[in-house]
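1. Compute the structure for the input listed below.
(2 chains)
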Amino acid sequence: AQSVTQLDSQVPVFEEAPVELRCNYSSSVSVYLFWYVQYPNQGLQLLLKYLSGSTLVKGINGFEAEFNKSQTSFHLRKPSVHISDTAEYFCAVSDLTSGTYKYIFGTGTRLKVLA
Amino acid sequence: GAVVSQHPSRVICKSGTSVKIECRSLDFQATTMFWYRQFPKQSLMLMATSNEGSKATYEQGVEKDKFLINHASLTLSTLTVTSAHPEDSSFYICSAKGTASSYEQYFGPGTRLTVT
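-> Predicted coordinates for the structure are as follows:
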């Protein structure tokens, strides 16, 4: 079964510094990949998604991610973070071969931007 | 576009009572809706998949008689927590997907359930 690993549970970073949040998934079968952000007591907001095409995906708020099929990774990056980026970030995978349209979520990474 | 709402946003109920949470797709027809549960500082766990006009498919370990799901129309799914207990207290999030072939889910803002 598909699984998603977000190795870093917490990532502290200073404001205006770059950040990378890591996401690896277990199976190299056809997948769609997503990154979501969640602010306290709120639902999920889509940052970006990879469905097909270019492996470098640009999203909202200056975030981007790169799909690496050989390493089964989809790491999220931002070149310069702001205090307002402090939130929980979730990586999600949808296995196209399952036919269920389900998302499997990673355990999340709490990004804390320090002044 | 692709807005999903949930009602209520917060609910407090007494142990033993039932509570209903609504999930609506406001500007599209949702063939499938998903219900997730999120414990504090944890990830989202899929509870069930709900298809319009048919019975929901529950994930392993989720009690279907306790968490009743109804997807009566293409814009509304409801989750009823029956005989709620304090351990049912959680953040419940729904999502909806549009066309049958689409993989993208649109998430609601969540409902915070507290059982006293």
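2. how far away is the residue nearest in space to the middle of chain B from residue A:109?
-> Centroid-nearest residue in chain B: residue B:35, 3.6 Å away (criterion: CA atoms, centre = their mean). Relative to residue A:109, residue B:35 is positioned 24 Å away (CB to CB, to the nearest Å). For glycine as for every other residue, the C-beta is placed from the backbone atoms N, C-alpha and C.
3. cool, and residue B:114?
-> Counting by CB to CB - residue B:114 and residue A:109 are separated by 27 Å.
4. Could you do residue A:85 as well?
-> Going from residue A:85 to residue A:109 by CB to CB gives 12 Å.
5. just residue A:35 next, same as before
-> When residue A:35 is compared with residue A:109 (using CB to CB), they lie 10 Å apart.
6. shared neighbours of the two, which are they?
-> Common neighbours of residue A:35 and residue A:109 are listed as A:21, A:89, A:90 (criterion: CB atoms under 8 Å, 6 or more residues apart in numbering or on different chains).
7. Also within reach of chain B: list those from those.
-> residue A:90 (CB under 8 Å from any CB of the partner chain).
8. who's in contact with residue A:108?
-> So residue A:108 contacts A:6, A:9, A:38, A:88, A:89, A:90, B:42, B:43 (CB under 8 Å, 6+ apart).
9. Retrieve the pLDDT associated with it.
-> pLDDT recorded at residue A:108 is 94.
10. And residue B:100, by the same measure?
-> 64.
11. circling back: between residue A:35 and residue A:109, point out the one with more neighbours.
-> Set residue A:35 next to residue A:109 and count neighbours by other CB atoms under 10 Å in any protein chain shown: residue A:35 wins out with 26 against 21.
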